[in-house]
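Novice: please work out how this folds:
(2 chains)
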Amino acid sequence: MALIEIRNLSKSFDENHVLREVNIDVEKGSTVVILGKSGMGKSVLLKIIVGLIRPDSGSVRIDDREVAGMRSKELNELRRTMGYLFQGAALYDSMSVRENLAFPLVRQEKLNEEELEERVLDQLRLVGLQDAIDKMPSELSGGMKKRIGLARALIANPQIMLYDEPTTGLDPITSREISTLIKNLQARYQPTSIAVTHDMQCARIIADTAAILHDGTLDQQGTIEVLERSQDDTVRSFFATQ
Amino acid sequence: MNRDARTGVARRLSPFHFLAGFLERAGSLTVFSARFFPNVLVPPYEFGEVRRHLDELGSRSLPLVGITGFIVGLIIAMQTRPTLFRFGADSFLPAMVAISFVRELGPVITALIVAGRVSSGIGAELGSMRVTEQIDAMEVSGIDPYKFLVVTRVLACVLLQPLLTAIVNAVGLFGSYVAIAIESSMSWRLYWDSVVQSLTFADLVPGLAKTAIFGFIIGIVGCHQGFTAEGGTVGVGKASTTAVVLSSMLIIFVDMILVKLTVVIWP
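Specialist: Residues are numbered from 1 along each chain as shown, chains lettered A, B, ... in the order given. Presented below is the predicted three-dimensional model:
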């Protein structure tokens, strides 16, 4: 059974129809990558899933519960089971790395100071940045920010992970490192994941299945290998540019 | 002319659009402000964050408002003394300075200075958090950003404003004594006795109580501008500037109403 079910989802901003009747199912424990050019509405889709943006029509059901109809308390409870890696990592720039990672834990779990420190350090070890614990976000490189963002998103062991352009703005080597790290963390925590990206290298590493968002619709879905063999002009043109 | 926040395209606004935009913003600010009251009462309480803002906003504002208060007190005494002297009424100078400072000048000057320093700072900080998705990040981790970012800042402003105003009043009165002492032989004891005798409950309490309302305006306007910022760094700059302009205007407007109310209650 699909953990995330999206049906006939549409969203427009003024005259710009970003999503048109989007349908997709995400099976529990699987990773779906949504590919598409920049500005196609991939991030909007993720923000609708997590309840940051309301859709014009259609439904998003998570674990058989409709997201759009949730009250704020219920939505917050749902969000606590989710992790979200933002495009720019979105680290709280007034807080140190330690405080960034501890922020959700302090407010969601009853941990003493030692347990909290241990959880933060464990998470930093996973992303290879335990030495950065006292640094401020402004002292980190783009790749380090992504790693810390990833560590923060996964610290509460979420059932669902959403990745918004996890490798954007990184050089190819760092991009590959982040993609491999995501793959390893996926294997460790086994969350149900949706990643949106235009980076094919990242998609090849982390995806179980993929879909292409084009003109607001998600009509091409399958494994990366299947999509690469597709005769559809849109799919071919997308893979040809990568 | 106005520029679309998303497309950047310039467009001419009709009076109807201007009025609709004004009402929309006023409504948005009203709804945003109303959320403060239930949120400030309901746990969880972020005491540590309130303490941090009190420390940051208070300690950084204190030198500015202190120096300004001292100079304003000095200037008022210097400007007024020759006129009162001409009518043989210079002995009323301490009372006049005290009443004008405690009732009006202290609260309003402090509020306008803090609005310029704190409201713009809050607008820029939260605006920057909005455009870099930090507020969204807080929201998706199941934590109410309004409670963590807005309630703590507004509460700090409400608590801080009466304290800063009391300090400005004290420093301003000292400044006016310095000006009087330079020109005459009035002792500190005589000056202070005149000040204390001239002030009543109707001067002190409303003067300090309204500063809490000014603090609320400063905090909530800055937070609202930051929370609704859009359009990248341009939006952050706009949020910061609008926070100062709007909070200063609201302070003066609300002060006018409160003065009238005070006069009605304590004629």
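
Novice: and residue 69, what element?
Specialist: Went with chain A since none was named. In this assignment (DSSP states H and E), A:G69 forms part of neither any helix nor any strand.

Novice: please go with chain B instead
Specialist: B:G69 belongs to helix B:47-86, assigned by DSSP H and E.

Novice: for the following helix or strand past that helix, give me every contacting residue.
Specialist: The C-terminal neighbour of helix B:47-86 among helices and strands, as given by DSSP H and E, is helix B:93-100. If you take CB atoms under 8 Å, 6 or more residues apart in numbering or on different chains as the criterion, helix B:93-100 is touched by B:73, B:76-77, B:80-81, B:84, B:172-173, B:176-177, B:180, B:186, B:191-192, B:194-195, B:197-199, B:203. In short, each C-beta sits where N, CA and C put it, glycine included.

Novice: A:M40 touches A:A211, doesn't it?
Specialist: No. Applying CB atoms under 8 Å as the test, A:M40 and A:A211 come out as separate, 11.8 Å apart.

Novice: quick one: which of the two has more around it?
Specialist: Neighbours of A:M40 and A:A211, each counted by other CB atoms under 10 Å in any protein chain shown, are more numerous for A:A211; the result is 24 against 20.

Novice: what's the longest helix in chain A?
Specialist: helix A:172-189 (DSSP state H).

Novice: quick one: low-confidence parts of chain B?
Specialist: Residue ranges of chain B with pLDDT under 70: B:1-13.

Novice: residue nearest the middle of it, spatially speaking?
Specialist: The residue lying closest to the centre of chain B (CA atoms, centre = their mean) is B:A111, at 2.9 Å.

Novice: how much space is there between the closest residue in space to A:S138 that isn't next to it in sequence and A:E139?
Specialist: Leaving aside its sequence neighbours, A:S138 sits nearest to A:D93 (CB to CB, 6 or more residues apart in numbering or on different chains; 6.4 Å). Distance from A:D93 to A:E139, counting by CB to CB, to the nearest Å: 11 Å.

Novice: B:G172 too?
Specialist: 43 Å.

Novice: quick check, central residue of chain A?
Specialist: Centre-most residue of chain A, counting by CA atoms, centre = their mean: A:Y163, 1.6 Å.

Novice: quick check: that residue is in a strand.
Specialist: Yes. A:Y163: assigned to a strand according to DSSP: H, G, I helix; E, B strand; the rest coil.

Novice: leaving out the residues flanking it, which one is nearest to it?
Specialist: A:Y163 sits nearest to A:A195 (CB to CB, 6+ apart), 3.8 Å away.

Novice: for the one you found, what are phi and psi?
Specialist: phi -120, psi 130 (degrees, to the nearest 10).

Novice: can you pull out the helices in the chain?
Specialist: Using chain A here. A:42-49, A:72-79, A:97-108, A:113-126, A:142-154, A:172-189, A:200-206, A:224-228, A:233-240.

Novice: look at chain B instead
Specialist: Using DSSP H, helices in chain B cover B:15-34, B:36-41, B:47-86, B:93-100, B:106-114, B:120-131, B:134-140, B:145, B:152-183, B:188-198, B:201-227, B:232-265.

Novice: quick revisit: neighbours around the residue nearest to A:Y163, how many?
Specialist: 28.

Novice: beta-bridge partners for it, please?
Specialist: Note on A:A195: beta-bridge partners A:V33, A:Y163, judged by DSSP bridges.

Novice: contacts only, for it.
Specialist: Going by CB under 8 Å, 6+ apart, the list of residues near A:A195 reads A:31-34, A:162-163, A:166, A:182, A:202-203, A:206-207.
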